[in-house]
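1. Sharing a sequence plus its predicted fold:
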Amino acid sequence: MDTIASLFSFITTPVSWVIVQFHTVYGAIFGPNTGWAWGLSIVSLVILIRICLIPLFVKQIKSTRNMQALQPKMKAIQERYKNDKQRQSEEMMKLYKETGTNPLSSCLPILAQSPFFFALYHVLSSIASGKTIGVINESLLDSARQAHIFGAPLASKFTDSTEKVAALGASLTDVRIVTAIMIIMMSASQFYTQRQLMQKNVDLTVKTPYMQQQKMLMYIFPVIFAVMGINFPVGVLIYWLTTNVWTMGQQMYVINQNPTPGSKAQDHYLQRLLKSVTVHSEVRSRRKRNVVQAIVAKGADRNENERRFITGLTKAGFAAQPDGTVAKSDTAVAEAEGGPAQRRQQPKRLTKSKRHSASAQQGVAKSSESADSESKPSLEKDARSVGTSGAGDSGEDAKPTPAGKPASGSARQQPKSGQRKGQQRPKHPSSKK
């Protein structure tokens, strides 16, 4: 670690100068030799660096989202040119160029912060060794060596020996307790930050290898920092814990105010926006109007969260406009209340078994109707025949009809099972009777 830190010795003078300037301010409040003065100087250094890195953080957020959106296309390119690595690389670079995506943008904040981190490590190591560095002279060096954070010197480490810790005026137990607590807090903040990103600000409808990679890093990074943390001085642990807390808060703000489309955070944001529009009857900020404008412009390409938002506006009696504003809509109110302007719902498609059942019931109904229509004229014909026989010769009785034989003039004999209705075709003379 000392060898790596020495590579960034060119930046130790600016870093030490910034720390001394903050120490002058906090020393006037808490005392120049206190741990609060030196500890808050390191915290202020982190805040100053992170403020300068905000543009890179914004670029990191955009790059991460673009990489998530490009994962299906990248996977298709890999499958299409899996046997041609050169063509695969060319198509990947072409895709990055067309979409304006830089895969390294997600690492920019960490890469830009690394020189300051190693420079601070080099400064604190020099303080522990009793060497002046940068603008830290002998008097400032003695003041920094006397500074303790909860009994642990700023330059002490978890792995330091008892003699080295005693030379800084502290006990090994205090140093190890303080450093262990700070290492646990540093790893826990790193894990929570990554977990927050994975659970709330990722489109869960798209399953890509990128998501699996991020999930794996969520568990690997805390372990790496925990192992490396035992070799960090207390001042460096303060630096890294502060930057993790800053990242966590910064990411929480981005998730709440500018969530990834299709994520849980977007659903919560749109629900808050819907509640605000319902209460105030308008979209109250320009940024929110831009969000509504983007949703309206998507049209049929809206995700589930955005469709739910538009439906909520309709039920509340509002219609989203192309410019991002909302307007009262009587049609929307009528549709929401089930009035005459309500859209006609399409009938549900029946299953195959229900369709067969319905057709069978219709066939039974038709056969019963045809049977009724045939029996009605037959009954009328029987009634006429009875009336005619009653008006004939009185001396002749009607001959009884033998049982089992059809009476003359009765209805047409019903065909046997399997025989066609109507007049039958005469059999061929050669066929058997």
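-> Cool, got the structure.
2. rest of the way, CA atoms for contacts and neighbours
-> Will do.
3. In stretch 165-173, which of the residues would be classed as buried?
-> 165, 168-172 (16 or more other C-alpha atoms under 10 Å).
4. Quick check, pLDDT for residue 317.
-> On pLDDT, residue 317 comes in at 90.
5. Renumber starting at 35 from here on
-> Happy to do that; since the first residue is 35 now, the last one works out to residue 351.
6. Just give me the neighbour total for it.
-> 22 (other C-alpha atoms under 10 Å).
7. count of residues packed around residue 213?
-> 25.
8. and it, how far is that from residue 107?
-> 46 Å (C-alpha to C-alpha, to the nearest Å).
9. Check residue 65 too.
-> 59 Å.
10. Between these two, which has more neighbouring residues?
-> Between residue 65 and residue 107, residue 65 has the larger neighbour count (other C-alpha under 10 Å), namely 15 against 12.
11. does that one really touch residue 74, like I thought?
-> No - using C-alpha atoms under 8 Å, residue 65 is not in contact with residue 74, being 12.0 Å away.
12. And the strands in the stretch 235-384 of the chain?
-> 352-354, 360-362 (DSSP state E, counting those that start in this stretch).
13. Dump these into JSON lines; add mean neighbour count as well.
-> Shown next, in JSON lines, are the strands of the stretch 235-384 of the chain (neighbours: other C-alpha atoms under 10 Å):
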{"stretch": "strand 352-354", "mean neighbour count": "22"}
{"stretch": "strand 360-362", "mean neighbour count": "17"}
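14. wait, which of these is closest to residue 130?
-> Of all the strands of the stretch 235-384 of the chain, it is strand 352-354 that lies closest to residue 130, at 33.7 Å by C-alpha to C-alpha.
15. In the sheet, which strands lie alongside the closest one, parallel or antiparallel?
-> According to DSSP bridges, strand 352-354 forms sheet pairs with strand 360-362 (antiparallel).
16. can you list contacts of the partner strand?
-> 315-317, 351-355 (C-alpha atoms under 8 Å, 6 or more residues apart in numbering).
17. which pair in those residues spans the largest distance?
-> 317 and 351 (14.2 Å).
18. Ignoring the adjacent residues along the chain, who's closest to residue 253?
-> Take residue 253 and drop its neighbours on the chain: the residue closest to it by C-alpha to C-alpha, 6 or more residues apart in numbering is residue 225, 6.8 Å away.
19. Quick check: which ranges of the stretch 335-467 of the chain have low pLDDT?
-> Residues of the stretch 335-467 of the chain meeting the criterion pLDDT under 70: 364-390, 392-467.
20. One more pass at 50, please.
-> 366-378, 410, 412-415, 417, 419-445, 465-467 (pLDDT under 50).
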